[in-house]
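In: how would this look folded up:
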Amino acid sequence: MKRWGAAVVAVALSIGLSVAGSPAQAHDRHGDNAVRTVGYYTQWSFADRGIPVRYLVENGTAAKLTHLNYAFGLLDEQGRCVSSDPVADYQRPFPADRAVNGRADRPGQALAGNLNQIKQLKQKFPRLRVYISLGGWTGSKYFSNAALTPESRAAHVKSCVDLWLKGNLPGAPAGAAKGVFDGIDLDWEWPSTEGEVGNVVRPEDKRNFTKLLREYRSQLFVQGLKDRRTYDLTAFLPANRDALDRGYELAAVYKLLTFATVQGYDYHGTWERTTNQQSAIRVPAGDPTTPPDSGEIVVDAHIERGAPRHKITLGVPYYGRGWTGVTNQNNGLFQQSTGPAPATYQPGYDDYRLLKNLLASGDYKLYRDEKAGHAWLFDGTTFWTYDDPIELERKGRFIRDRKLGGAMIWALDGDTPQGELIKGLVAGLHRR
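Out: The predicted structure is shown next:
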């Protein structure tokens, strides 16, 4: 900070430089043929699912992405940025057949793990911008501590810039990961609203979130001057309108972000006993819930609260949610269940590349509501709501027709080896 001075930063911020002005937008301009396609690749994709970064090259996804978010970096109790899994992030060596560049990692090299694979991905696709995502559902416990005071905000951002942008990883050579990330994505779930049980939550989180973004913009501007580049700032924002109103000064937040990714899924799930859609574009006829949820409702809620359309990047799921013990009526939709369906990774949750096999087995029938824009599988007792390539193409058209900024994918390891989902989504985003 001292090199450039607070006055330089203040002037830059006052004219919108790197906040809503030319540097941030220079990397984020898009028209009808260049909307954002943002995908999350998770820290555990390889260890838990056997999906390395190379998979994104082989199934054609990487060539279709504009941005990749690596999830997640965490915060300690003081609000400082830390790696929750150094082995996965930067220590695990990759063999040649799993490496993006086809060459095995060497013993003692400065950077290994997922970050080195992402670095190789950027070398192969130099227009791809990559962000480190901080927090997530199980990693947002201490965001409130980070945002609490001017001192805690400054210390938090400094630690994140040092770890992820300067690339100073513990136990690795200085700057080992420099250049991997082009920005920071905040996944605080949620300010002033409890997400995961045990999260630190304060009423002042709402205004402190805006202040935290300003601190990020200030330090990212200074670091960008030093590095002669622009660092971006994005955030994941909720679908729930109560969480929006309790936790965000939304118009101000959007002005400070390069763009936002907006929750376009988990409208319903197995925390409820009644089966339902989790990501429909419009509210299906007969939906018994109050208030109803849909992509259309969520997008309108953000726009009504001051979000510019071109900064709304609507989330789409590469996974489904399932119930079992379902009453065999209405093809399983809006019926009572006995609980979550058995699944591969956690009860009631499975990736599309696996759910696709249920339909192929012949035991399940596919149902589709073309007006509302959602699909589901039902075998008479087990119900799965999910998005297939047809529904993702439909969502892509919705995003294009509403002149939104693009689509965000959670998560990339859910697609098939043939890249069926990314093909459907991109077709909808770009097809005339």
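In: for stretch 285-302, what is the average pLDDT?
Out: On average, the pLDDT along stretch 285-302 is 97.
In: over to stretch 358-376?
Out: Regarding stretch 358-376, the rounded mean pLDDT is 97.
In: that one: end-to-end distance?
Out: One end of stretch 358-376 sits 11 Å from the other (C-alpha to C-alpha, to the nearest Å).
In: can you tell me the SS state at the nearest residue to Pro308 once chain neighbours are set aside?
Out: Once flanking residues are discounted, Pro308 sits nearest to Tyr254: 6.3 Å by C-beta to C-beta, 6 or more residues apart in numbering. Just so you know, the C-beta spots here come from the backbone N, C-alpha and C atoms, and that holds for glycine as well. For Tyr254, the assignment made with DSSP: H, G, I helix; E, B strand; the rest coil gives helix.
In: burial measure for Tyr254, as a count.
Out: Residue crowding around Tyr254 was assessed by other C-beta atoms under 10 Å; the count is 22.
In: need the single longest helix in the protein, by residues.
Out: As assigned by DSSP state H, the longest helix anywhere in the chain is helix 205-227.
In: check which residues of the host helix or strand of Leu425 are buried.
Out: Counting by DSSP states H and E, the element that carries Leu425 is helix 420-430. Neighbour counts over helix 420-430 (16 or more other C-beta atoms under 10 Å) mark 420-426, 428-430 as buried.
In: same check on stretch 185-201?
Out: Judged by neighbour count (16+ other C-beta under 10 Å), stretch 185-201 contains these buried residues: 185-193, 195, 199-201.
In: so can I have TSV of these showing pLDDT, distance to Arg106 and secondary structure?
Out: Shown next, in TSV, are those (pLDDT from 0 to 100; distance: C-beta to C-beta, whole Å; DSSP: H, G, I helix; E, B strand; the rest coil):
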residue	pLDDT	distance to Arg106	secondary structure
Asp185	99	31	strand
Leu186	99	35	strand
Asp187	98	33	strand
Trp188	98	38	coil
Glu189	98	38	coil
Trp190	98	43	coil
Pro191	98	44	coil
Ser192	98	48	coil
Thr193	97	47	coil
Gly195	96	41	coil
Asn199	98	41	coil
Val200	98	42	coil
Val201	98	46	coil
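In: looking at those residues, which is nearest Tyr131?
Out: Asp185 (4.3 Å; C-beta to C-beta).
In: surely the closest one and Tyr231 touch.
Out: No - using C-beta atoms under 8 Å, Asp185 is not in contact with Tyr231; the gap is 11.4 Å.
In: how far is stretch 74-90 from where the chain is centred?
Out: The chain centre lies 18 Å from the centre of stretch 74-90; the measure is C-alpha atoms, centre = their mean, to the nearest Å.
In: do the same with stretch 156-169
Out: Distance, centroid of stretch 156-169 to centroid of chain: 20 Å (C-alpha atoms, centre = their mean).
In: tell me which residues touch Lys206, please.
Out: Each residue near Lys206 by C-beta atoms under 8 Å, 6 or more residues apart in numbering is listed here: 191-192, 246-249.
In: same thing but at 6 Å, please
Out: Neighbouring residues of Lys206 by C-beta atoms under 6 Å, 6 or more residues apart in numbering: 191-192, 247.
In: kindly report the same for Pro288.
Out: Shown in contact with Pro288 (C-beta under 6 Å, 6+ apart): Phe334.
In: next, find the distance separating Phe236 from Gly264.
Out: 11 Å (C-beta to C-beta, to the nearest Å).
In: between those two, who's got more neighbours?
Out: Legend: neighbour count by other C-beta under 10 Å for Phe236 and Gly264, higher for Gly264 (28 against 25).
In: with adjacent residues omitted, what lies nearest to that one?
Out: The nearest residue in space to Gly264 (C-beta to C-beta, 6+ apart) is Gly315, at 3.8 Å.
In: is it true that the one you found touches Asp266?
Out: No - judged on C-beta atoms under 6 Å, Gly315 makes no contact with Asp266 at a distance of 9.0 Å.
In: strands of the stretch 1-150 of the chain, residue ranges please.
Out: 36-42, 67-75, 81-82, 129-135 (DSSP state E, counting those that start in this stretch).
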